[in-house]
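> next comes the sequence, and after it the predicted model I'd like to discuss.
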Amino acid sequence: MCGIVGYIGKKSAYPILIKGLKRLEYRGYDSAGVALISEQQQLNVYKAKGKVSELEDFVENKDISGNIGIAHTRWATHGEPCSANAHPHYSSSETLALIHNGIIENYAVLKEKLQAKGYEFKSSTDTEVLVQLIEYIKVTNNLDLLSAVQLALNEVIGAYAIAVLEKDHPDEIIAARKSSPLVVGIGEDEFFLASDATPIVEYTDKVVYLEDGEIAVIHRGKDLKVVNLNNVESTPEVKQVVMNIGQLEKGGYPHFMLKEIMEQPDCIYDCMRGRINVDANNVVLSAVIDYKEKLLNAKRFVIVACGTSWHAGLIGKHLIESFCRIPVEVEYASEFRYRDPVIDETDVVIAISQSGETADTLAAVELAKSRGAFIYGICNSVGSSIPRATHTGSYIHVGPEIGVASTKAFTGQVTVFTMLALTLAKEKKTISEDEYLKIVKELSHIPEKMKEVLKLNDGIAELSKIFTYAHNFIYLGRGYSYPVALEGALKLKEISYIHAEGYPAAEMKHGPIALIDAEMPVVVIATQNGLYEKVLSNIQEIKARKGKVIAIVTEGDEIISKIADICIEVPASMECLDPLIATVPLQLLSYHVAVCKGMDVDQPRNLAKSVTVE
Ligand code: AGP
């Protein structure tokens, strides 16, 4: 998820663009850049790694004149964060400059085609391929920029929100969107362009939200023109923005955490994009194909992580052992790094980290690598320290996670683990073709099922009010749902400050059941799968001691709904995919309990988003 800003009007563009980028830094911040057509009609592109402030330092004493420009703050998906990969990207003639938010899935094919025609590339991004393609089509067919953009986008598969400048046309910006948001602000003799209205609202409240497949022709002194890829014009619907800037940064939600819970369907779709094929009958992780022998011949996998990522690792263990019959150990990175572990070149170590900067996990990776292990990363922040320390890996592509309590990163990690286990199992032939196809198909439906669960938000908000009194919670689950119980407990304790513990449901009778009384809420993940009957009897044991049971059940369950105090019904899925469904109501429960208690949900006390110290 990147941030795009554009301006054309009578004012100096640069200050407006930089301020707009700062408003959008929550969308991504590993590099930033700006393209300006100067008063001398030069097309100047300036880019820098790091936050927008780095870009400001970089342009000191440079020509930042001009009243037309585009700017971009990046969240890397293809290509490490560096100035070469930062946007805007020049075309080879340096007469075009383009910025892009999204993923071009067929960029490799398009790049090969252009290289065969002599085009050279300065970056490893999918975005540079697009600007080169536009130039190639423009020059080859002697077209204007709009026509070249229309033809180029017809060849693109994927998601995009783009803006393009042409050096010889300092009065026009061409912008287009498909699956990534783009908003045009309409001012007095000036236009604004942005990924959302946040950078625009201080100048105008009149906006046009572009629809998928639409192209905006933004021309100084003319009305906004909107056409589609076939050049059919439509009348833009001008709307009035009513939200304030703070609300806009959170997508209209009161907290980043709720925004990130709610955007999980889209994020999981992005995580699977280009990895599960359109017919959902095949899944491929490129890292597995590149290092197939190493991974398939591993004596065992050792997963190292912390916190929520460690919970994802427990699910990864279950998936890999179940599908691939490879032994897997899951280690707290902080313990692993100090106990002189038995690790050698026959081991594959999987490091999981949303931030890619967790000190304990990075140290565990370095230790394992020093002993010859092969390191596979599952991270979110492209180009961060942990991915750079690994031999290979798979990014989860869920976009920046701002809320300290991890939500979409967890489901993204579990999704990548599921695809990893499926890809390996297919290579090892340890899973039947039928079972493989059934799981891949069901996995492709998970985003839709998550959307169904998210409709429970208001109901969960209501029931959360009941439990703000509680000082202790217990979370129970079995099998794939045991790590979900741990994750639900961690979510609650870290943002509501209520003590919560997760246990394997069967462990209750080995001590914790002594805690049960009428004051103790017990959350039980009791979806209809392999161990349902066992969980049912665990619930009966709790009810016999007057415990308050909140059960996550499969919709239509008529047994537990007669026993539990509260039932939250979720769509049926396969047991191995249950964590992706059952986690969501627990995220919502923890969020709403914390909100009811008036807690600082996005920045809970004592915590940091990335624990870069021991
Ligand atoms: C989870 O909600 C917490 N924020 C924390 O446990 C987190 O998962 C842990 O610090 C690991 O962070 P990482 O995934 O960035 O390495």
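Sure thing, it's come through.
> near the ligand, which residues of the protein show up?
Selection of the chain residues close to the ligand by Cβ under 6 Å from any ligand atom yields 306-309, 353-355, 358, 361, 404-406, 494, 610-611. All C-beta atoms are positioned from the backbone trio N, CA, C, and that covers glycine.
> and these, which are buried?
Among the residues of the chain next to the ligand, those buried by neighbour count (16 or more other Cβ atoms under 10 Å) are 306-309, 353-355, 358, 361, 404-406, 494, 611.
> residue in the chain nearest to the ligand?
For the chain and the ligand, the shortest gap (Cβ to the nearest ligand atom) falls at Gly307, measuring 1.9 Å.
> just give the nearest non-adjacent residue to that residue, would you?
Leaving aside its chain neighbours, Gly307 sits nearest to Leu490 (6.7 Å; criterion: Cβ to Cβ, 6 or more residues apart in numbering).
> hmm, back to that, measure the residue of the chain closest to the ligand to Val278 for me?
Taking Cβ to Cβ, to the nearest Å as the measure, Gly307 falls 35 Å from Val278.
> which non-adjacent residue is nearest His89?
Glu128 is the one closest to His89 (Cβ to Cβ, 6+ apart), at 4.4 Å.
> count of neighbours near that neighbour?
Glu128 has 28 neighbouring residues, counting by other Cβ atoms under 10 Å.
> hmm, it is touching Ser92, no?
No: contact criterion Cβ atoms under 8 Å: Glu128 and Ser92 do not qualify, at 9.6 Å.
> find residues that contact each of those two.
The overlap between the contact sets of Glu128 and Ser92 (Cβ atoms under 8 Å, 6 or more residues apart in numbering) is empty.
> need the residues that contact the lowest-mean-pLDDT helix or strand in the chain.
Lowest on mean pLDDT, DSSP states H and E among the helices and strands of the chain sits helix 245-249, with a mean of 76. Outside helix 245-249, the residues that touch it by Cβ under 8 Å, 6+ apart are 23, 26, 196-198, 201-202, 241, 253-254.
> could I get the buried residue list for that helix?
For helix 245-249, by 16+ other Cβ under 10 Å, it's 248-249.
> next structured bit after it?
Once the chain leaves helix 245-249, the next helix or strand it forms, by DSSP states H and E, is helix 256-262.
> helices or strands next to that following helix in the packing?
Where contact means 3 or more Cβ pairs under 8 Å, 6 or more residues apart in numbering; DSSP states H and E, helix 256-262 is packed against helix 578-596.
> mean confidence score for the helix it packs on?
Averaged across helix 578-596, the pLDDT comes to 98.
> check which helices and strands it sits against.
With contacts taken as 3+ Cβ pairs under 8 Å, 6+ apart, helix 578-596 sits against helix 256-262, helix 408-428, helix 446-454, helix 457-464, helix 482-496, strand 521-526, strand 548-554, strand 566-570.
> and it, how far out from the chain middle?
The chain centroid and the centroid of helix 578-596 are separated by 18 Å under Cα atoms, centre = their mean, to the nearest Å.
> swap in stretch 421-436?
Centroid displacement of stretch 421-436 relative to its chain, using Cα atoms, centre = their mean, is 26 Å.
> equivalent analysis for stretch 109-129, please.
Its chain's C-alpha centre and that of stretch 109-129 lie 26 Å apart, by Cα atoms, centre = their mean.
> re the thing from before, return the closest of the residues of the chain next to the ligand with respect to Ala461.
Among the residues of the chain next to the ligand, Ala405 lies closest to Ala461 (Cβ to Cβ), at 16.4 Å.
> what's the nearest residue to that closest one if we skip its chain neighbours?
Ile495 (5.1 Å).
> tally of neighbours for that neighbour?
Neighbour count of Ile495, defined by other Cβ under 10 Å: 27.
> now do Ala84
Neighbours around Ala84, by other Cβ under 10 Å: 16.
> coming back round to it: so which of the contacts of helix 245-249 wins on neighbours?
Thr198 (27 neighbours).
> my read: that one touches Arg23, true?
Yes: shown here, Thr198 and Arg23 form a contact pair, counting by Cβ under 8 Å, at 4.5 Å.
> for His471, see how far away the residue nearest to Ala405 is.
The gap separating Ile495 from His471 is 15 Å, by Cβ to Cβ.
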